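Student: Give me a model of this one.
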Amino acid sequence: MVLCVIGDVSFLHDTNGLAILNQRMQRKPMTILVVNNHGGAIFSLLPMAKRTTRRVLDQYFYTSHNVSIGKLCLAHGAEAMSVYPIKRITKSCSIKHLEVRTKIELQDALFTSQQENRDCVIEVDSCIDSNAIFHRFMLRKFACQAADHALNMLSKFSIPDFFVHGSFLCKIHSMEYSLYRIPLCAPPTSASVNSKTTTFYKDGFILILSLEGGYVGFGEIAPLEIHEEDMLDVEEQLRFLHHVIKGAKISFYLPLLNGSFSSWIWSCLGIPGCGLEMAILNAIAAQEGLSLLNILHPQKVDEEISERSKRVQICALLDSNGSPLEVAYLAKTLVEEGFTAIKIKVARRADPIEDAAVIQEIRKMVGQKIELRADANRNWTYEQAIQFGSQVKNCDLKYIEEPVKEEDDIIKFFEETGLPVALDETIGKIRETPLQNLSKFSHSGIVAIIIKPSVVGGFENAALIAQWAQQQGKIAIVSAAFESGLSLSAYIQLSCYFELQSAKICKLMNKQLVPSVAHGLGTYRWLKEDVTFKPLSINRNQYSGFIEASVVDSDQILEKCHINQDTIIRDFSVEQVYSYQLTLDSDGFSCLLNVHEIGASIEDDVVVFLHGFLGTGGDWIAIMKAISGSARCISIDLPGHGGSRIQNRYGKEDVLEPKLSIEAVADVLYKLIHFITPGKVTLVGYSMGARIALFMALTSSFTDKVKGAVIISGSPGLKNDVARKIRMVKDDSRSHSLINHGLRIFLDTWYSGELWKSLRGHPQFNQIVTSRLQHKDVRSLARILSDLSIGRQRPLWEHLKHCSTPLLLIVGEKDLKFKSIAQEMRDEICRGMNNRVDSRKDICKIVEIPNCGHAAHLENPLPVIRAVRRFFTGLENI
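Tutor: Predicted structure coming up:
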């Protein structure tokens, strides 16, 4: 059935649509539910309704009418027939009209429309005043519940601290991490395993977050093989966070999980998101002496649902390796242990019919009372999934997860087979703005949403997705990704929170309380050893006989967490940035360069970072700390910036002569590279620094020291002579303005340009501008602006055709100008490659960084870190 809910005014504007219903065409019957307030009711909810006369409201705002919906239907070919006084039915062979006034009549009408294979218009007769009274009551009810929730949340925290610190609870003192490895009893079901492998492990990171009061919270990040991020990506993010997180203020509102976390991470750390939530929530719980569940759900629960806050049912996980009978016996063993729900991995065999035979055998072996779920992990084509579905229709599957490879085939599969579907990997792909992206999955054939917190982007996204699912009448199931008992303990608390939220939604919507869900935490059976000394207690409830996890026990593990050091491979060690100065000579002048260095002395991977105009080498420190585990990282205050000085040969500062140029600065940097390493380096340059890096990568006199170059928002120069002259004049004018009016006024003008629109919206924009004000030598800055103007630079477009140095072009998603330039650069390189014999066809790549503009490395550094590291570690393969 197709159901359309519409107001009377909208319906009247489109009554010709009734003619379409009379056309003979193959389609599903349609039920149109018209809420007839006899006028537009939206203005009745606004304050002006109380101050305006009814006559004016009716005439100008309410668009009141006395049009008969029933007679409109009659005009389109329906035949009226009275049934009983309070309900009128207009009947014909095509459209049925029913008028209802009560809830019971509405239920009867909806039931009738479902039973008859015909189009139906159900008119709910109401009025503007009744609508306004009802909506005011509901708005007041929801507002009171929201206020109660907020007050309950705040009442759990220490009130004196709230008044002293405003909306902030405490500050973060430090964050450390450790790499762990724990043995597993069997390979994870997500991994492809070599048949010769007999020992299996799980690697991950334990986070230790300390607050200023001495309270500690533990978290875990342990990506699966199927995750977009690998262990090296994660460790780089942790190194970056270690640098930026110290002193960050934690807000009271973080546990609300309603956008509070993502907002806090963005405003305090200046990055879109990260895996800190578990550690921060546990730290808040430790400070307040509460459980993680109490932090997430501070309200008291009714006795009717209090049992849900004590234990969480667990769904067993079963791989389908072996014959159907062998797998069925394993399933029977699980049932005997106390499991009431089993998820079976399918799509592991060449023929879907063989997978179906496994399901059939299991159902015969365990009987009808056990809940069976199947999971295909998107491994089937639509045709293969249909084959499987046709064979298991009588097996009473609760649902099948991700039966098809293509997202567009999910609903099609349900409509063809009638098998309910659950989403897992599909949900994991929509980390950003999950609620906007979930709307397309509201179809009734999708009955469950599988939520892996580590995959969907953390606890907050998990909570938002679960709430959406429950409001849609779908099951929200927490699922583990083979993490340790630490994460499983947190997931037990989160699962309980979802159960309480489900009960709350049922109560608000006057629905019958739905049974508790068995959550996907059966991966605990894979753990041979754990990162915590106290083992996680998941066992058979002596009263219910079911396998369940104790919420109280999981809280004890989180509250009194003691790490098993036997599972720790190494702890994080803080690396210090080493700063020094070098004096290097070039033609007619010398430079005193300020140099920053961090990382092991890995001569094969030396990365040199070049900042843009107005920046310093300090702009790169956080990024350098992130990748210093993989490379020796060096940043420089370019001439005229920061602590670097331009001098004549006798040591006296020279602000006028000789003229500087890209060539002269490149010569100084070339000599610097010779000093720091005997080998080649990877250059990473941004804006002005990118032009210098590109010049060195394309000029034969410098390429013997350049292994590769990362060009962030860089240009090969202006192609047109006139454009170069205009730009030269502009930069000279800006240079004079900088000297005459000072740095502060210059910065206000500089950053008001369209190029910086995205950066101006960044939460750390003011901090960035403040750092620019630290430059002491304004005359040298002005000289660099003029002398290194892109208008004075020799264009490098022809050089691109002969490029032999690997390039990575990084651009911000919102930086349309430099996205276009990067594409032109790549096209130019490709044309040159086609005209010569060269085995290195993939010499230039473009990476677009999401949610940022021109200053990608400042606006969204984590994807930049990943792209840079993957580039320089992969240079040997290019």
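Student: show me what contacts residue 229?
Tutor: Residues near residue 229 by Cβ atoms under 8 Å, 6 or more residues apart in numbering: 223, 237, 866. Yep, even glycine has a C-beta here, placed from its N, CA and C like the rest.
Student: Next secondary structure after the helix or strand of the chain with the lowest mean pLDDT?
Tutor: When the helices and strands of the chain are compared on mean pLDDT, DSSP states H and E, helix 159-165 comes out lowest with a mean of 40. Scanning forward in sequence from helix 159-165 by DSSP states H and E, the next helix or strand is strand 168-184.
Student: ranges for the strands of the stretch 251-400 of the chain?
Tutor: 311-313, 316-318, 341-345, 371-375, 397-401 (DSSP state E, counting those that start in this stretch).
Student: Quick one: those strands as TSV, columns for mean neighbour count, distance to residue 108 and mean pLDDT too.
Tutor: Output for the strands of the stretch 251-400 of the chain, formatted as TSV (neighbours: other Cβ atoms under 10 Å; distance: least, Cβ to Cβ, whole Å; pLDDT from 0 to 100):
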stretch	mean neighbour count	distance to residue 108	mean pLDDT
strand 311-313	23	37	93
strand 316-318	25	43	96
strand 341-345	23	36	97
strand 371-375	24	33	97
strand 397-401	23	31	97
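Student: do you know which of the ones you listed lies nearest residue 574?
Tutor: strand 311-313 (38.5 Å; Cβ to Cβ).
Student: other SSEs contacting the closest one?
Tutor: Here strand 311-313 touches helix 485-508, strand 547-550, going by 3 or more Cβ pairs under 8 Å, 6 or more residues apart in numbering; DSSP states H and E.
Student: Tell me which strands it pairs with, and in which orientation.
Tutor: strand 547-550 (antiparallel) (DSSP bridges).
Student: which residues are contacting the strand it pairs with?
Tutor: Residues contacting strand 547-550 (Cβ under 8 Å, 6+ apart): 310-314, 316, 337-340, 488, 492, 521, 536-541.
Student: Now that you've got those, can you turn the buried subset into something I can paste into ChimeraX?
Tutor: This is how ChimeraX selects the buried members of these, with burial counted by 16 or more other Cβ atoms under 10 Å:
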select :311,312,313,314,316,338,339,340,488,492,521,536,537,538
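Student: quick one on the thing from earlier: quick one, which of the helices and strands packed on strand 311-313 gets closest to residue 374.
Tutor: Per Cβ to Cβ, nearest to residue 374 of these: strand 547-550, 19.7 Å.
Student: tell me the mean pLDDT for the closest one?
Tutor: On average, the pLDDT along strand 547-550 is 94.
Student: which helices and strands sit right next to whichever helix or strand comes after that strand?
Tutor: Scanning forward in sequence from strand 547-550 by DSSP H and E, the next helix or strand is helix 551-559. Under the contact criterion of 3+ Cβ pairs under 8 Å, 6+ apart, helix 551-559 touches helix 277-288, helix 292-296, helix 485-508.
Student: could the ones you listed go into CSV alongside distance to residue 742 and mean pLDDT?
Tutor: CSV is the format used below for those (distance: least, Cβ to Cβ, whole Å; pLDDT from 0 to 100):
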stretch, distance to residue 742, mean pLDDT
helix 277-288, 42, 93
helix 292-296, 50, 91
helix 485-508, 53, 91
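Student: Tell me which of those lies nearest to residue 626.
Tutor: Of all these, helix 277-288 comes closest under Cβ to Cβ, at 18.3 Å.
Student: And the closest one, how far out from the chain middle?
Tutor: Distance of helix 277-288 from the chain centroid (Cα atoms, centre = their mean, to the nearest Å) equals 21 Å.
Student: for stretch 795-806, same thing?
Tutor: The answer for stretch 795-806 is 37 Å, by Cα atoms, centre = their mean.
Student: end-to-end on that stretch?
Tutor: 19 Å (Cα to Cα, to the nearest Å).
Student: Which residues outside that stretch are in contact with it?
Tutor: Contacts for stretch 795-806 (Cβ under 8 Å, 6+ apart): 694-695, 697-699, 703, 706-709, 716-719, 724, 825, 828-829, 831-832, 835, 838, 840, 843-844, 871, 875, 878.
Student: ok, now stretch 553-571?
Tutor: 176-182, 203, 206, 218, 282, 285-286, 291-293, 485-486, 488-490, 492-493, 529-534, 536-537.
Student: Can you say which of those are buried?
Tutor: 176-180, 182, 206, 218, 282, 285-286, 291-293, 485-486, 488-490, 492-493, 529-532, 536-537.
Student: re the thing from before, for the helices and strands packed on strand 311-313, give me a markdown table that also has distance to residue 855.
Tutor: Putting the helices and strands packed on strand 311-313 into a markdown table (distance: least, Cβ to Cβ, whole Å) gives the following:
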| stretch | distance to residue 855 |
| --- | --- |
| helix 485-508 | 35 |
| strand 547-550 | 47 |
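Student: is it fair to say residue 512 lies in a helix?
Tutor: No - judged by DSSP: H, G, I helix; E, B strand; the rest coil, residue 512 forms no part of a helix; its state is coil.
Student: Show me which of the contacts of residue 229 is closest to residue 439.
Tutor: After measuring these against residue 439 - Cβ to Cβ - the closest member comes out as residue 223, at 28.1 Å.
Student: any chance of the strands of the stretch 251-400 of the chain in CSV, plus distance to residue 436?
Tutor: Putting the strands of the stretch 251-400 of the chain into CSV (distance: least, Cβ to Cβ, whole Å) gives the following:
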stretch, distance to residue 436
strand 311-313, 30
strand 316-318, 31
strand 341-345, 29
strand 371-375, 26
strand 397-401, 23
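Student: Distance-wise, check residue 343 relative to residue 114.
Tutor: 32 Å (Cβ to Cβ, to the nearest Å).
Student: what about the stretch 301-450 of the chain, any weak spots by pLDDT?
Tutor: For the stretch 301-450 of the chain, applying pLDDT under 70 flags the ranges 301-308, 431-433.
Student: 90 instead, please
Tutor: Applying pLDDT under 90 to the stretch 301-450 of the chain picks out residues 301-310, 320-321, 348, 427-440.
Student: Let's see the pLDDT reported for the closest residue in space to residue 849 that isn't next to it in sequence.
Tutor: Spatial nearest neighbour of residue 849, chain neighbours left out: residue 856 (4.3 Å); criterion: Cβ to Cβ, 6 or more residues apart in numbering. Note for residue 856: predicted pLDDT of 97.
Student: How about the one 3 residues further on?
Tutor: The model reports residue 859 with a pLDDT of 96.
Student: Could you number the chain from 10 rather than 1 from now on?
Tutor: Sure thing, new numbering starts at 10, so read that last one as residue 868.
Student: Got the phi and psi for it?
Tutor: With angles defined as degrees, to the nearest 10, residue 868 sits at phi -80, psi -40.
Student: That one contacts residue 822, correct?
Tutor: No - using Cβ atoms under 8 Å, residue 868 makes no contact with residue 822, being 9.8 Å away.
Student: what residues do the two have in common as contacts?
Tutor: Joint contacts of residue 868 and residue 822 (Cβ under 8 Å, 6+ apart) are 858, 860-862.
Student: nearest to residue 746, of the residues you listed?
Tutor: residue 862 (23.9 Å).
Student: In three-state terms, how would the closest one be classified?
Tutor: Going by three-state DSSP: residue 862 is coil.
Student: Do I have it right that it meets residue 769?
Tutor: No - at 9.1 Å, residue 862 does not count as touching residue 769 under the criterion of Cβ under 8 Å.
Student: Identify the residues contacting the closest residue to residue 357 other than its chain neighbours.
Tutor: Using Cβ to Cβ, 6+ apart and skipping the chain neighbours, the partner closest in space to residue 357 is residue 329 (5.6 Å). Counting by Cβ under 8 Å, 6+ apart, residue 329 makes contact with 336, 353-355, 357-358, 364, 367.
Student: Drop everything from those residues that is not in helices and list the rest.
Tutor: 336, 364, 367 (DSSP state H).
Student: In CSV: these, plus distance to residue 380.
Tutor: Shown next, in CSV, are those (distance: Cβ to Cβ, whole Å):
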residue, distance to residue 380
336, 17
364, 18
367, 16
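Student: Out of these, which comes closest to residue 49?
Tutor: Nearest to residue 49 among the ones in helices among the contacts of residue 329, with distances taken as Cβ to Cβ, is residue 364, at 54.9 Å.
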